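**Student:** I need the structure of the sequence given here:
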Amino acid sequence: MKKIIFFSLSLILLATCASIPKNLTSTEKEFLSEARYIINKEEEQAFINLPSASEREQFIEEFWLKRDPTPNTPRNEFKQIYFQRIETANRLLRGSRPGWLTERGMIYILFGPPSDVEEYPMGITSEDKPVEIWIYNNLPNRPELRLEFIDYSNTNDYRLVTNFSRAAMSTFIPEGMNLPHNIQSGGSAAAAVLMPGLLSTRKSPQEIQMEKIQETGKAITTSQAKPEAKKGEVKVSYQEIRIPSEVGEIFDQNISTQTPRTDIAITSLRTLYLPAQQNNIHAVFLFKIKNADLNFQEEAKTTEQIEEDLVSQKLSADLHVFLRFYKMEKGKAKEMFKEIYIPYLIEADKQGFDLEEENLYSIGDPLPPGDYLLALAFASTDLSEIGTTYIEFSLPDLLGFPNKLETSPVFFVKSLQRISSPETEVKLHKNCFFYSVLKIEPKMENIFQQGETPDIFYFIYGARPNQERKFDLEIDYKVKRGKEEVINYSTQTYSSPFISHPLPFKMGEKYLEPGPYTLEMKIKDKISNLSLKKDVLFEVE
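**Tutor:** Here you go, the predicted model:
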C-alpha cells in the first residue's frame, strides 16, 4: 500500500510541471511550476489556451489578486507567505531535489509548519531508517493529523508513508489547495482559510515558549534571579538570549585567545556528531568537571527531618549553564550564531561522596553544517564563580560525500538503552547523552580493563542504497599492537549506515595484555564500491 502512496505523491509533485507546454515563455513556465500546489485544472487549462503573452500576464496578476485576503492594501499576504514557505522548504528540506519539490516540502507548503515534529534518526521499526513524524493540531475539522516520513536512502529524501486515501487528504487540505486539481474556488473569501494560521494573529506554542524564554533571559540579566528549574530541565532559545553581562564580558575578553576561566574547571574531552533531521548534525559536547568545583551543599531539610532532628542525606549543586555559538571563518570567530541558557540542579548522595571525583557531562544540540566555536560557561547561582572553556568544531554536510566514504567520530559505548521518545529540548546530562531514542553512556576515554567488551558506535557518510533502498556494507575489524596483528574478527555486514557493534577484546579465551593498541577498520560499500580505512587508538590497563 505504501508503494501506491509513493507513486501517487510523485505524480502529484510532477503533474503540473510535466504538463507545461513548450511554447510558453520562461516566466510563464515558472509561474505554472511555482503555482502547482494551488492552481486548479480549469485555471491551468485556461492559462495555457490564452492566445497572447499580454493576456497570460494579466491572468497571472489576477490569479494572485483573487487570492489576496486584503485586496485594497499594497501587500498580498497570501502570495508573500506562499513564497516564504517555498523558500523555507528549499532551505530546510532539501535532499536530492530542491526542498519545495520533495514530499515534505509539498506538505509544508500545503499545511504550513507542523505544530510539532518527532524525529527518530535511528528509526522506530526494524528497518532502522530515519523517521520524522509531523503533527498538526491546528487544521480545520481535524483534531490532530500525524504524517510519517521515512528516509529510505539516508540522503534526506523523506517519503510520506502515512496511509490515507486521496479523498481523505483532500478534506484536510485547506480550501484553495489541490492535489493538484481539487481546488473549489478562489478569491479573498477562500484565502482566509487557505493555509492554517496564514492570516491568524494567534500565537503558536513555539512563539509563546520563545517569549517565556526571552523573559527568563531578561530576568537573569536584571536581577540575577534564576527561575525555578526541575531537575535537569532546560529552557532553550534558537534566537538570541541576552547572557548576563558578567558572563558575556568574559566571553568577549577571551574569545580571540580562547583563554579559559577556572573558577569552575571544565575539561573538554571531545565533540561527537551524528545525523539529525533537515540535514542538520547533532553535535554532542563531552567534558568533565570535578565535584569540588561545583560547590555541593546539603539540601534543605524536609518538615519530617526537622521534626525528627534528622540529618539530610542529600547534597545538591545549583548551576547556570550558558552556551554561545560563533560561526568561524579562516580560523576566527566572526559571527554569533545563537545562545542557550540551561538552569541545572545536580543531586548526589552524601554517603560516599568524593570531592575529588570527576564526572562526565554532556550537552547535545542540532546545528547546520559548518565551522563553529562554542563558548561554554558554568556559573554559581549568584555568578560569583564562573568557569569557561572554548571548543572549536566542524560539522560536515551530510550531502557532501558524493564520491567517498567517511565516518562520524568513532566512539566506544559502556551501555546503550532505548527510550520511549526522543528529547525535544537541549539538556545537560551527567554520565550519558541522548540521541534520538537512545540513551548512550560513552567511554570517557579509550582506556579499557581486561575483559571489558564495549560497543563501537558511528555513522558512515556517503554510503549508497540499492534500487530497493537497502544498504550493503562490509566491515573488517583487526586489532594490532604495533605492526603485529593480534585479533582478526570475522567480516561484519550491515544493512544500515548506523553502526553499533560489540567488540570483545580477546583472542580465543585470552584477553588482551595491558598496553597500547590500534583498532583497524576497513569499510567497503558493496553497492558503490567505495572504501575507507580508519584507525582508532585505545589502551588496555
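
**Student:** Partner strands of the helix or strand harbouring residue 538 and their direction?
**Tutor:** Taking DSSP states H and E as the criterion, residue 538 maps to strand 531-540. Here strand 531-540 is paired, per DSSP bridges, with strand 447-448 (parallel), strand 515-525 (antiparallel).

**Student:** Lowest average pLDDT across the ones you listed?
**Tutor:** In terms of average pLDDT, strand 447-448 trails the rest of the strands paired with strand 531-540, at a mean of 92.

**Student:** Excluding its own residues, what touches it? List them.
**Tutor:** Strand 447-448 is contacted from outside by 412, 454, 505, 538, 539, 540, 541, using Cβ atoms under 8 Å, 6 or more residues apart in numbering. C-beta here means a position set from N, CA and C on the backbone, and glycine is covered the same way.

**Student:** what about residue 354, how many neighbours?
**Tutor:** Counted by other Cβ atoms under 10 Å, the residues lying close to residue 354 total 10.

**Student:** which one is residue 397 nearest to, not counting chain neighbours?
**Tutor:** Once flanking residues are discounted, residue 397 sits nearest to residue 369: 4.0 Å by Cβ to Cβ, 6 or more residues apart in numbering.

**Student:** Near that neighbour, how many other residues are there?
**Tutor:** A total of 16 residues lie near residue 369 under the criterion other Cβ under 10 Å.

**Student:** Show me where the stretch 51-200 of the chain has its helices.
**Tutor:** Ranges of helices in the stretch 51-200 of the chain, per DSSP state H, counting those that start in this stretch, are 53-65, 77-92, 103-111, 166-172, 188-191.

**Student:** Present the ones you listed as CSV; the columns should include mean pLDDT and mean neighbour count.
**Tutor:** Formatted as CSV, the helices of the stretch 51-200 of the chain follow (pLDDT from 0 to 100; neighbours: other Cβ atoms under 10 Å):
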stretch, mean pLDDT, mean neighbour count
helix 53-65, 93, 14
helix 77-92, 86, 17
helix 103-111, 87, 23
helix 166-172, 45, 13
helix 188-191, 29, 17
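
**Student:** With respect to residue 444, which of the contacts of strand 447-448 is nearest?
**Tutor:** Nearest to residue 444 out of those is residue 412 (Cβ to Cβ; 9.8 Å).

**Student:** just checking, the closest one touches residue 458?
**Tutor:** No. The pair residue 412 / residue 458 is not scored as a contact, 10.1 Å apart, by Cβ atoms under 8 Å.

**Student:** what sits in contact with each of those two?
**Tutor:** In contact with both residue 412 and residue 458: no residue, using Cβ under 8 Å, 6+ apart.

**Student:** which stretches of the stretch 151-300 of the chain have low pLDDT?
**Tutor:** 163-242, 299-300 (pLDDT under 70).

**Student:** quick one on the thing from earlier: so which of the strands paired with strand 531-540 is nearest residue 62?
**Tutor:** With Cβ to Cβ as the criterion, residue 62 lies closest to strand 515-525 of these, at 53.3 Å.

**Student:** List of residues touching that closest one?
**Tutor:** Applying Cβ under 8 Å, 6+ apart, the contact partners of strand 515-525 are 405, 407, 410, 456, 460, 462-464, 471-481, 486, 503, 530-540.

**Student:** Could you check it and say which residues are buried?
**Tutor:** Buried residues in strand 515-525, counted by 16 or more other Cβ atoms under 10 Å: 517, 519, 520, 521, 523, 524, 525.

**Student:** if I look at the last one, how far off is residue 468?
**Tutor:** Put plainly, it is residue 525. 15 Å (Cβ to Cβ, to the nearest Å).

**Student:** before we move on, back to that, give the rounded mean pLDDT of the strand holding residue 538.
**Tutor:** Rounded mean pLDDT across strand 531-540 is 95.

**Student:** what residues go with each domain of this structure?
**Tutor:** Annotated domains of the chain cover 2-191, 208-443, 446-541 [automatic domain parsing].

**Student:** sorry, back to before: may I see the buried residues of strand 515-525 organised as JSON lines, with distance to residue 385 added?
**Tutor:** What follows is the buried residues of strand 515-525, written out as JSON lines (distance: Cβ to Cβ, whole Å):
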{"residue": "517", "distance to residue 385": "41"}
{"residue": "519", "distance to residue 385": "41"}
{"residue": "520", "distance to residue 385": "45"}
{"residue": "521", "distance to residue 385": "43"}
{"residue": "523", "distance to residue 385": "46"}
{"residue": "524", "distance to residue 385": "52"}
{"residue": "525", "distance to residue 385": "51"}
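
**Student:** Can you select the buried ones among the contacts of strand 447-448 for me in ChimeraX?
**Tutor:** Selecting only the buried entries of the contacts of strand 447-448 in ChimeraX, with 16+ other Cβ under 10 Å as the criterion:
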select :412,454,505,538,540
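
**Student:** Walking through the stretch 251-400 of the chain, point out its helices one by one.
**Tutor:** Remark: helices assigned in the stretch 251-400 of the chain by DSSP H, counting those that start in this stretch are 303-307.

**Student:** can you map out the strands along it?
**Tutor:** Using DSSP state E, counting those that start in this stretch, the strands of the stretch 251-400 of the chain run over residues 261-262, 267-275, 281-290, 297-298, 314-329, 332-349, 358-367, 370-380, 386-395.

**Student:** To residue 490, which of those strands lies closest?
**Tutor:** Of all the strands of the stretch 251-400 of the chain, strand 267-275 comes closest under Cβ to Cβ, at 26.4 Å.

**Student:** Pull out the buried residues from that closest one.
**Tutor:** For strand 267-275, by 16+ other Cβ under 10 Å, it's 268, 269, 271, 272, 273, 274, 275.

**Student:** can you check stretch 316-327 too?
**Tutor:** Of the residues in stretch 316-327, those buried (16+ other Cβ under 10 Å) are 316, 317, 318, 319, 320, 321, 322, 323, 324, 325, 326.

**Student:** how long is stretch 392-402 from one end to the other?
**Tutor:** 26 Å (Cα to Cα, to the nearest Å).

**Student:** With stretch 444-452 instead?
**Tutor:** Using Cα to Cα, the end-to-end distance of stretch 444-452 comes to 14 Å.

**Student:** Okay then, goodbye and thanks.
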